[in-house]
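Engineer: My questions are about this predicted structure, shown below with the sequence.
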Amino acid sequence: MSVESGIRPFRGPGGLWTENGEPPLDDYQRFLEDPAGYWQKEMYPTGQMGELYAALQRAVPHAGHRALVSLERQEIVKFLITQNIDGLHRKAGSRNIAEIHGNYSLLRCVSCGRRFEREGFAGAGLPPSCPECGDIVKSDVVVFGEPIPQDVAAACIDQVECSDCLLLVGTSGYVYPAAGFPHHVKANGGTVIEIGPHETDLTGICDLSVRLTAAEALPIIERTVRGTGRVPMTDAG
Ligand SMILES: [Zn+2]
C-alpha cells in the first residue's frame, strides 16, 4: 500500500533498513532512558529517518486506499488492520481501523495511552508532557522493543477472532503479531486471500493469491462487488 504512495519499504529489495541496517532492537528502552535526546533527534531527523519523514509528508492515498474505503462503506470490509505508519488509510477515509504500529502524525502518552495530533500539539517542554496525566509523550509509531498499545492489540484480536475472510494486502508476512493473524483465521475455518506481486511466507496457507499490486487489484475487487453487497465466489475461487 505504502510503496505505491511513494514510501520505500523497510525491508526487502530497496528497503530502507535493508540498505542502512535495522534500528537498534532496544529502541524503546533508549527512548525511556533519554526521552529529551530522543525527541531532539526526532524533531530534526537526518539520514534515513529524514528521508522517511519527507516521504511521509509528501504521500497521498492511491486507488487501492480508496477502494478499501468504498468496500468499508458497503460493509464488505468490516475492519482494517495496518502495519503502515503513514496514516494514509485514515486520510483516505477508512474508519474501522487499527494502526498496529502506530501513526506518524499522532503522538501518544506512554502512561495513559491518549493520542494527540502531532501538528499543533500544545504540550510544552522536551520531552513534551501529557495534558491528561503529565507523563511523557512520544510518537505514536511503535519502535523496536515497545509493546503494541493495548487498545490496538485488543481490537485486532477481537476482529481476527470473528473474521471469516482475511484479505492480506502487500505484507511480507514475517512481522509478528500481524503475521499470526492469517494463521488464526485459517484455524477458525476462514478464507485467506493474498494480494501482492511476490510470493510470501504466507502464500502456502492462502486460498487464493492475486499477483497484482494493491493499487491494481483492490479497485478491480471494488468494481466487481460494488452494489452487490457480497463477494461473488465461484468454484474456481
Ligand atoms: Zn497521559
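Structural biologist: Okay, I see it. Residues are numbered from 1 along each chain as shown.
Engineer: Give me the number of neighbouring residues for residue 198.
Structural biologist: Neighbours of residue 198 under the rule other CB atoms under 10 Å: 11. Just so you know, the C-beta spots here come from the backbone N, C-alpha and C atoms, and that holds for glycine as well.
Engineer: Could you chop the chain up by domain?
Structural biologist: The chain breaks down by automatic domain parsing into domains covering 3-104+141-225, 105-140.
Engineer: Take those and lay them out in a markdown table including mean pLDDT.
Structural biologist: As requested, those are arranged in a markdown table below (pLDDT from 0 to 100):
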| stretch | mean pLDDT |
| --- | --- |
| domain 3-104+141-225 | 92 |
| domain 105-140 | 91 |
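Engineer: What residues does residue 190 make contact with?
Structural biologist: 163-166 (CB atoms under 8 Å, 6 or more residues apart in numbering).
Engineer: switch the cut-off to 10 Å
Structural biologist: Applying CB atoms under 10 Å, 6 or more residues apart in numbering, one finds that residue 190 lies in contact with 160, 162-166, 182, 184, 207.
Engineer: now residue 171
Structural biologist: Going by CB under 10 Å, 6+ apart, residue 171 touches 1, 81-84, 178-179, 181-182, 194-196, 200-202.
Engineer: circling back to that earlier point, possible to save the domains of the chain as CSV with distance to the ion?
Structural biologist: Putting those into CSV (distance: least, CB to the ion, whole Å) gives the following:
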stretch, distance to the ion
domain 3-104+141-225, 12
domain 105-140, 3
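Engineer: quick one: which of the contacts of residue 171 is nearest residue 221?
Structural biologist: For the contacts of residue 171, the minimum distance to residue 221 (CB to CB) is 8.3 Å, reached by residue 195.
Engineer: tell me the phi and psi of that closest one?
Structural biologist: As for residue 195, its main-chain torsions (degrees, to the nearest 10) stand at phi -120, psi 120.
Engineer: what do you get for the one 10 residues further on?
Structural biologist: Note on residue 205: backbone dihedrals following degrees, to the nearest 10 are phi -100, psi 0.
Engineer: For it, which non-adjacent residue is closest in space?
Structural biologist: Among residues not flanking residue 205 along the chain, residue 186 sits closest, at 5.4 Å (CB to CB, 6 or more residues apart in numbering).
Engineer: count of neighbours near the one you found?
Structural biologist: Using other CB under 10 Å, the number of residues around residue 186 comes to 16.
Engineer: now residue 150
Structural biologist: 9.
Engineer: Excluding sequence neighbours, find me the nearest residue to it.
Structural biologist: Ranked by CB to CB, 6+ apart and with sequence neighbours excluded, the top spatial neighbour of residue 150 is residue 113, at 6.9 Å.
Engineer: sec struct for that neighbour, please.
Structural biologist: Using DSSP: H, G, I helix; E, B strand; the rest coil, the structure places residue 113 in coil.
Engineer: hang on, it packs against residue 154?
Structural biologist: No. Applying CB atoms under 10 Å, one finds residue 113 not in contact with residue 154, separated by 11.4 Å.
Engineer: More neighbours: which of the two?
Structural biologist: Between residue 113 and residue 154, residue 113 has the larger neighbour count (other CB under 10 Å), namely 15 against 12.
Engineer: Please compute how far the helix or strand harbouring residue 185 lies from its chain's middle.
Structural biologist: Using DSSP states H and E, residue 185 falls within helix 181-187. With CA atoms, centre = their mean, to the nearest Å as the basis, helix 181-187 stands 18 Å off its chain's centre.
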